[in-house]
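Peer 1: With the input below, show me the fold.
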Amino acid sequence: MSIRKRSTVAVLAVGVLALTGACAKGGGGGAPANNAAPSAAATNGPSAESAPKVAIGTADDSKGPAIAPEGVVKGGTINMIDRDDYAHLDPGRIYTNVEATFAQLYVRQLTGYKRVGKNDFKLVGDLATDTGTVSDGGKTWTFTLKDGVKWQDGSPITSADVKWSVERLFAAYSTEGAPYVQQWLTEEDYKKAYKGPYDGKDLDGLETPDDKTIVFKFKEPHADANYALAMTTYGIVPKAKDTKEKYDKEPFSSGPYIIAGHVTDKSMELERNPHWDPATDPIRGAYPDKWHLEFGFQSLQVTDRFIADAGDDKKTFSFYTQVAPERLQQVLSDPNFKPRLMSQSSPYANYYYFNLDRVTDIKIRQAINYAWPTKQIQQITGGPAASVIATTILNPTVSGFEDYDLFDKKAKPEGDIEKAKELLAQSSNPTPTIVYAYNQTPTQERVTVAIKTALEKAGIKVVAKPLNTKTWYDSVTTVKNEFDMYWGGWGADWPTAATVFPVIFGPVVEGGQNISHLKDPAITTEIKRIQGLSDANEANKAWGALDKTIMETVTPAVPDLNDIANSLHGSLIGGAEIDPISWVVSPNTIFVKQ
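Peer 2: Sure, this is the predicted structure:
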């Protein structure tokens, strides 16, 4: 999303706001839990926590060390088991909640979110002394780096490193990260404006008057730039160690840990960075000495290991794997699991997108919405304890959300086959074939069977195409993909719908987030109009109306379920909680009980 002049000015002036979700490509994208990926926020989950508050912190708030959880113990080795290895380790190529959360162990940004209590956060300076000084009516932002911040080799982190880290995002190979700051410094199609720093050319709009000062000069006012710069995409990379594409495999640490070993798709080892100073870091507790991560485990395997709680599994957690649907009622009904159970409503919205380049008839798209087996999918993925039915584009926790139900999903959650047949009869092809791509997991295999069965009852042939879970987003964000439908999700990068519609219905580019390929001039015009509104209430109302308009006039997707995460961990894990911003277990408060 490019031009944001509107409601944030009014909202941030209050000082405290409800934050619905951190940046997450595809709703938490990277590695999902039981389903295709993490999904939307459930507002009425049985034990889910509410959305968090976020305040703008002061310079004092930006000082380290981080606030320690109760009973914290330092030392030991934390074990982690999950399904997928990380597709990207280069911060500039990270735009998923799982990768972004993991990256906190070795990446720092200018700003970040400090946990001050349960569901209570402050935006603070991470590498910067505070959250920035704004001038020129919101066009210019100035940050000063803290004393004592260093790279893993002991060399100082400088403003030149910050400048380089932003400039390299314009390079041709870097397509997966957030686009905000790049667009604000140049134009919406920012890669046409600047080709990156590798040919020796500087980017206009970034100034480094000394080693401690970095100045951003945007084309237009952006009152929320300090929120944008908290995103992992804007994590720093040193010019001296930048190996371009190879950096994605061997990043250089500015955080509390160094990646000491990595066997792709199998395991990873992290050890302490001796040059990280907790006095400079208000965000990361970094209590364990080492981290041992293993990949390749499905949710049922993970769940059964946590239920058994034996041996080293007592010191083990999962970043994102939720209790398997087959075990959810057992876990929820047994009070013995309560001390080890984490529950949190998701801040993400999920969709089964249509590829509008291929599924061009709106009657067919509407018919699929009516035929969709929402109730069956809900039962397969854990039942009402794990999700609620979604009918809108916006997540219920996002400012601007307005409820509506165009396709009677709540009244007929099992699907309306007769209505679907009626619409298909009016379409250009009463018996269409849909190529449906899905994440190849046991749960999604069952979900795919339910979808195929329901749509074929309406006369729609489904050709199912399994995709590798690790490279899911790389596949579906390819513009010329060969699929008609696929899952995708989105979480507001910061608190409003202004970080939803301009992104998921923005430019259609390789690696981009408009994976429905919606290109509607009227909708684009309305998005830009709302972005220009200065009144928060007016903007929120307009976003809510646009939500319904898009589904009525284009129908680019089938809204998915709004999930509730229910996750277990080992009995010797302390300080573990699902971060309500990222919807992933935070590494910043976790420790090993001795």
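
Peer 1: Please enumerate the helices of the stretch 51-200 of the chain.
Peer 2: Here the stretch 51-200 of the chain has its helices, by DSSP state H, counting those that start in this stretch, at 97-103, 159-167, 180-185, 190-193.

Peer 1: from those, which stretch is densest packed?
Peer 2: Neighbour counts (mean count of other C-beta atoms under 10 Å) averaged over each of these peak at helix 97-103, with a mean of 28. The C-beta positions use only the backbone N, C-alpha and C, and glycine is treated the same way.

Peer 1: name the helices or strands packed onto that helix?
Peer 2: Applying 3 or more C-beta pairs under 8 Å, 6 or more residues apart in numbering; DSSP states H and E, one finds that helix 97-103 contacts strand 584-585.

Peer 1: and the strand it packs on, how far from the chain's centre?
Peer 2: Counting by C-alpha atoms, centre = their mean, to the nearest Å, strand 584-585 is centred 11 Å from the centre of its parent chain.

Peer 1: just stretch 329-339 next, same as before
Peer 2: For stretch 329-339 - counting by C-alpha atoms, centre = their mean - the centre lies 28 Å from the chain centre.

Peer 1: what do you get for stretch 64-83?
Peer 2: 22 Å.

Peer 1: buried ones in it?
Peer 2: Gly64, Ala66, Pro69, Ile78, Asn79, Met80, Ile81, Asp82, Arg83 (16 or more other C-beta atoms under 10 Å).

Peer 1: Looking at those, which are in strands?
Peer 2: Ile78, Asn79, Met80, Ile81, Asp82 (DSSP state E).

Peer 1: so what's the last one up against?
Peer 2: Shown here is Asp82, whose contacts under the criterion C-beta atoms under 8 Å, 6 or more residues apart in numbering are Ala31, Leu293, Glu294, Phe295, Phe297, Val302, Ser318, Phe319, Tyr320, Thr321.

Peer 1: In PyMOL, select just the buried ones from these.
Peer 2: Selection of buried members from the contacts of Asp82 for PyMOL, criterion 16+ other C-beta under 10 Å:
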select buried, resi 31+293+295+297+302+318+319+320+321
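
Peer 1: and the least confident of the contacts of Asp82?
Peer 2: Ranked by pLDDT, the contacts of Asp82 bottom out at Ala31 (29).

Peer 1: What is the neighbour count of Asp60?
Peer 2: Residues near Asp60, counting by other C-beta atoms under 10 Å, number 9.

Peer 1: And it, how far from Gly117?
Peer 2: 17 Å (C-beta to C-beta, to the nearest Å).

Peer 1: do the same with Leu455
Peer 2: The value you get for Leu455 to Gly117, if C-beta to C-beta is used, is 47 Å.

Peer 1: Please identify which of these two sits among more neighbours.
Peer 2: Leu455 (24 against 10).

Peer 1: does Asp283 really touch Asp126, like I thought?
Peer 2: Actually, residue 283 is Ile. It isn't Asp. Yes - between Ile283 and Asp126 there is a contact under C-beta atoms under 8 Å: 6.0 Å.

Peer 1: Helix, strand, or coil at Gly512?
Peer 2: coil (DSSP: H, G, I helix; E, B strand; the rest coil).
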